[in-house]
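K.L.:
Here you go, sequence then predicted model.
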2 protein chains.
Amino acid sequence: MENGYTHIYTGNGKGKTTAALGLSLRAICSGKKVYFGQFVKGMKYNETKAVDHLPNFEIHQFGRNCFIYNDPTQEDIDAARKGLEVCKKVLSEGKYDIVVLDELTIALYYKLFSVEETIDMLKNKASHVEVIITGRYAPQELIELADLVTEMQEIKHYYQKGVEAREGIER
Amino acid sequence: MENGYTHIYTGNGKGKTTAALGLSLRAICSGKKVYFGQFVKGMKYNETKAVDHLPNFEIHQFGRNCFIYNDPTQEDIDAARKGLEVCKKVLSEGKYDIVVLDELTIALYYKLFSVEETIDMLKNKASHVEVIITGRYAPQELIELADLVTEMQEIKHYYQKGVEAREGIER
């Protein structure tokens, strides 16, 4: 079986989680199985309904029903650590062809778990599994380990004009 | 009905078409209708099979079965111009909530049609329609007109190591 690669979508621009969703859709169309883990997120985003349409697609959230604004709470830490344990298992078992670790770098940014634990998890993945990591502030250690890194740069955004996240577009 | 915005995903990095696919999936999960037009592409990418899974999703290709390497052929021009006419109609009729114009900027780069014709088409869209344009080399006139612009920057890519586009991942 072909060796799986590690992709990172980072940067302050729009489209990181969205690209991971698109990659999932394309992979499913080719008969692959996808596990989509969302760190720090617990809100019922529209993408969680994708399971109603797509075969071989699972999505699970490891966050509270709001973003972290200042310091993370114990609940944030517990949810992320639970996610880490679940994703470790999913990655090492290799039942899914693609494993998305959405906003993993945000979990690292808030020190909900460590870069070392993350690298350890990635080193213990089943070799054929393709890993997609998303989120701002990807640390240099992860960038070095990854095969593909894309930075989404914000050139223009309507949030700057006061438009809020819109149903079916950003969430 | 809310006014539709214009998004551009440009730059040399990975994930532009992929982000447009992800946005389509999320929009469909929220009950929206999506038209996905692919300029310059005629290859049977896996994403064309998404119609088997998703309701309210249409995808059409306006290109030949290969990329343009040097000068475009008459067939390239005819296919792109046909696409322009179809997309004009789709945009002005407003039956779809989201219209993706995938690789439109590549059609512009090869001068298959003009920036003026494109701007004209966008100005005549039904106001509620959300437009997603993808492709490298987005011209300044389009960036000025758009509400949201993200540049995908390539930080690291396995193509540089000789890995070719892979089934279910890039295509």
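P.N.:
Yep, that arrived. Numbering: from 1, shown residues only, chains lettered A, B, ... in the order given.

K.L.:
List the buried residues of the longest helix along chain A.
P.N.:
Secondary structure assigned by DSSP state H gives helix A:74-93 as the longest helix of chain A. Neighbour counts over helix A:74-93 (16 or more other Cβ atoms under 10 Å in any protein chain shown) mark A:Asp76, A:Ala79, A:Ala80, A:Gly83, A:Leu84, A:Cys87, A:Lys88, A:Val90, A:Leu91 as buried. (Each C-beta comes from the backbone N, C-alpha and C, glycine too.)

K.L.:
Please render these as JSON lines that adds pLDDT and distance to A:Gly42 to the earlier fields.
P.N.:
Shown next, in JSON lines, are the buried residues of helix A:74-93 (pLDDT from 0 to 100; distance: Cβ to Cβ, whole Å):
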{"residue": "A:Asp76", "pLDDT": "94", "distance to A:Gly42": "10"}
{"residue": "A:Ala79", "pLDDT": "96", "distance to A:Gly42": "7"}
{"residue": "A:Ala80", "pLDDT": "97", "distance to A:Gly42": "11"}
{"residue": "A:Gly83", "pLDDT": "98", "distance to A:Gly42": "11"}
{"residue": "A:Leu84", "pLDDT": "98", "distance to A:Gly42": "15"}
{"residue": "A:Cys87", "pLDDT": "98", "distance to A:Gly42": "16"}
{"residue": "A:Lys88", "pLDDT": "98", "distance to A:Gly42": "20"}
{"residue": "A:Val90", "pLDDT": "98", "distance to A:Gly42": "19"}
{"residue": "A:Leu91", "pLDDT": "98", "distance to A:Gly42": "21"}
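
K.L.:
Helix, strand, or coil at A:Ile68?
P.N.:
Under DSSP: H, G, I helix; E, B strand; the rest coil, A:Ile68 falls in the coil class.

K.L.:
hmm, which helix or strand of chain A has the shakiest average pLDDT?
P.N.:
Ranked by mean pLDDT, DSSP states H and E, the weakest helix or strand in chain A is strand A:148-156, scoring a mean of 94.

K.L.:
Can that one be said to contact chain B?
P.N.:
Yes: Strand A:148-156 reaches chain B (Cβ under 8 Å from any Cβ of the partner chain) through A:Leu148, A:Val149, A:Thr150, A:Glu151, A:Met152, A:Gln153, A:Glu154, A:Ile155, A:Lys156.

K.L.:
Next one: the residue nearest to the fifth one when sequence neighbours are not counted, what pLDDT does it get?
P.N.:
Right, A:Met152. Closest residue in space to A:Met152, ignoring its immediate chain neighbours: A:Gly13 at 3.4 Å, by Cβ to Cβ, 6 or more residues apart in numbering or on different chains. We note a pLDDT of 93 for A:Gly13 in this prediction.

K.L.:
show me what contacts A:Gly13?
P.N.:
By Cβ atoms under 8 Å, 6 or more residues apart in numbering or on different chains, the residues touching A:Gly13 are A:Glu151, A:Met152, A:Gln153, A:Glu154, A:Ile155, A:His157, B:Thr150, B:Glu151, B:Met152.

K.L.:
so which of those comes closest to B:Gln61?
P.N.:
B:Met152 (21.8 Å; Cβ to Cβ).

K.L.:
ok, back up a step: which secondary structure elements does the least confident helix or strand of chain A contact?
P.N.:
strand A:6-10, helix A:16-29, strand B:148-156 (3 or more Cβ pairs under 8 Å, 6 or more residues apart in numbering or on different chains; DSSP states H and E).

K.L.:
Can you list the strands that the shortest one pairs with?
P.N.:
Partner strands and pairing direction for strand A:6-10 (DSSP bridges) are strand A:130-134 (parallel), strand A:148-156 (parallel).
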